[in-house]
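# just need the structure, nothing else, for what follows:
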Amino acid sequence: MIWTCAELIHFFSVNFTLKPGMMIITGTPAGTAWSVDHELGGRWQPKRGVIAATRYCLPGDQIECEIQAIGVLKNTVI
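Model prediction:
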C-alpha cells in the first residue's frame with residue numbers, strides 16, 4: 001500500500017463525514033507487484049508480520065477478506 005490505513009482514514013475523515021457502516025475500499029496500484037518479483041529485479045523484504053506475495057494472481061484463485069462479526073467477502077480471479 002502507498003498509504004497506511006490510518007492515513008486513508010485521516011484523508012477521508014477530513015474530506016467526508018464518515019458514518020457507521022461506510023467502507024473504505026483499497027486496491028493495489030499498477031506496478032507494485034514487481035517489488036517482490038526477483039526476476040524483474042524486485043528486492044523488497046517484508047517487515048515483521050507482513051506476508052509477501054509468492055506469485056501474481058491467476059485465473060481461478062480465490063481472494064477472501066473477512067471482517068469479524070460482519071462476514072466474509074470471496075472473489076474469484078477470472
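# what mean pLDDT does stretch 46-66 get?
Mean pLDDT, computed over stretch 46-66, is 84.
# now that stretch: how far from the chain's centre is it?
For stretch 46-66, the gap between its own C-alpha mean and the chain's C-alpha mean amounts to 9 Å (C-alpha atoms, centre = their mean, to the nearest Å).
# quick check: end-to-end length of that stretch?
22 Å (C-alpha to C-alpha, to the nearest Å).
# what's the neighbour count on the nearest residue to residue 34 once chain neighbours are set aside?
Of all residues not flanking residue 34 in the chain, residue 40 sits nearest, at 4.5 Å (C-beta to C-beta, 6 or more residues apart in numbering). All C-beta atoms are positioned from the backbone trio N, CA, C, and that covers glycine. When counting by other C-beta atoms under 10 Å, one arrives at 9 neighbours for residue 40.
# try residue 59
Neighbours of residue 59 (other C-beta under 10 Å): 7.
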